[in-house]
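Engineer: here is a sequence with its predicted model. Questions after.
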Amino acid sequence: MEDSKSPELQSEFYLDCGFATRALHAGEHVGQPQHASHTGAIYQSSTFVFKDAAEGADIFAGQRPGYVYTRLGNPTVKVLEAKMNALEGREVKLRDPGVRVSSLAFSSGMSAISSTLLSLCSAGDTLILGDVVYGATEHLAANVLSRFGIRTVEVPTQDLDAVEKVLKANPRAKAILFETPTNPTLTLTDIAALVQLVRTHGPEMKVVVDNTFATPYLQRPLELGADVVVHSTTKYLCGHGTVVGGVMTTCHDDVKDRAYAVIKDIGGSPSPFDAWLVNLGIKTLPLRMDRHCENAMAVARHFEKHPKVARVYYPGLESSPYHQLAKRQMSKFGGMVCFDLVGGLEAGRKLMDRVRIFTLAVSLGCVDSLIQHPASMTHACVPREKREKAGLTDGLVRISVGLEDVSDLIGALDEALATV
Ligand SMILES: Cc1ncc(COP(=O)(O)O)c(C=O)c1O
């Protein structure tokens, strides 16, 4: 069954299998040394040995497959990349077997995002950015890319009329990057409709979707026409809070080649051990996501009518303006829930200080539940006026709903809310 040539080729053997089978087997058991361990080996080595000078020269010149140096590629990292091809790119490959789906793993989600943008945009180019994105993505565009002559125009990507206007005004922009669902207000963008607008008005533009909140288990942007998907693997893909990492997947060879050139020289490659931990995490991704979604739905429903909660943000609720789109675009509604508390910032602080079981920490997508305050933590670097315009108020509390017994989670939140 398994081709011994490369993890990428092996992962293609699994394209006719279901998501869980691909998550477990894609990229595994290929190209192992004489001791073929069942669980993939960790090639925790900075460099690789050549049999002789001729082999070294050939591998360096790309005339023979092989590894040289871990910044440039590593067998454990390759397994992760092959898994992501199988998870994000299956439908794209099945629809058109001639398309090559490829992934590159990075040392962080921000490294994946910055390398992707640096590979797509040059000095003098315009980048279009969703108006609510992770704080560091916003900061990257405003304070780093701007210094290298890359101009950013922001747009609420959930508003397709606004997107069309911005595209018409910037037809030569090189990329549009957005999150769906967004961090933290869980706003959704219609990926397929946005792609159609881009194909009409921005022929040179690549559509980049940050799929961190949904994971490929719930949503696959490449299937909907996007060009590139990026993830912070720190979150659900790893799932255990043990790694900071990132990955990008694309169906364009030239985009992958340009991103590889950036990672090679800027050096945002992941550690083999981190890649191994993410590989392990991905094996249980479908099981974990099912439970995250189930628990999040129960929490959102319970607090929707709570007198101390002004608003619950969760696309699974019928009251969410994004519910119909979520049903179309995602297979379930995710594990993130946000509350806007009636008592504002003070109530939010009290809730976070008093709630049991939930850990007060940023990040998300861990097996256990986390709670945090975006306005003073993850999104503190976004100017207040902009935060408020995007619905990111001082009273907004973000919850990453974990895999605990849901009655315990609801009980802990009820108990803490009673005291605020
Ligand atoms: C949606 C989203 N994208 C990107 C990132 C950045 O990822 P990392 O912290 O792994 O660099 C985050 C981090 O929270 C995120 O939530």
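Structural biologist: On my side now, so go ahead.
Engineer: give me every residue that touches Q329.
Structural biologist: Q329 makes contact with T180, L188, D190, I191, A192, Q219, L224 under the criterion C-beta atoms under 8 Å, 6 or more residues apart in numbering. Bear in mind the C-beta positions are built from the backbone N, C-alpha and C, glycine included.
Engineer: residues in this structure within reach of the ligand, list them.
Structural biologist: Contact residues, the chain versus the ligand (C-beta under 6 Å from any ligand atom): 108-110, 134, 136, 179, 183, 210, 212-213, 232, 234, 244, 246.
Engineer: tell me, how many residues neighbour the residue of the stretch 101-250 of the chain found nearest the ligand?
Structural biologist: Closest residue of the stretch 101-250 of the chain to the ligand, C-beta to the nearest ligand atom: G109 (2.3 Å). For G109, the neighbour count with other C-beta atoms under 10 Å is 25.
Engineer: wait, isn't it in contact with V229?
Structural biologist: No - between G109 and V229 there is no contact under C-beta atoms under 8 Å: 11.9 Å.
Engineer: OK, contacts around S103?
Structural biologist: So S103 contacts L80, E81, A82, M84, N85, E88, V247, M248, T249, T250 (C-beta under 8 Å, 6+ apart).
Engineer: and the gap between the nearest residue to D353 once chain neighbours are set aside and A416?
Structural biologist: The shortest distance from D353 to any non-neighbouring residue, by C-beta to C-beta, 6 or more residues apart in numbering, is to L360 (7.5 Å). According to C-beta to C-beta, to the nearest Å, L360 and A416 sit 11 Å apart.
Engineer: try V79
Structural biologist: To A416, V79 is 42 Å away according to C-beta to C-beta.
Engineer: between those two, who's got more neighbours?
Structural biologist: Comparing V79 with A416 by neighbour count (other C-beta under 10 Å), the higher total belongs to V79, at 30 against 20.
Engineer: re earlier: quick check: phi and psi on the residue of the stretch 101-250 of the chain closest to the ligand?
Structural biologist: With angles defined as degrees, to the nearest 10, G109 sits at phi -60, psi -40.
Engineer: what's the closest non-adjacent residue to it?
Structural biologist: Per C-beta to C-beta, 6+ apart, closest to G109 is S232, 2.6 Å.
Engineer: now do S331
Structural biologist: In space, and not counting its chain neighbours, S331 is closest to L218: 5.3 Å by C-beta to C-beta, 6+ apart.
Engineer: next helix or strand past the host helix or strand of I282?
Structural biologist: Assessed by DSSP states H and E, I282 sits inside helix 272-283. Per DSSP H and E, helix 272-283 leads on to helix 285-304 as the next helix or strand towards the C-terminus.
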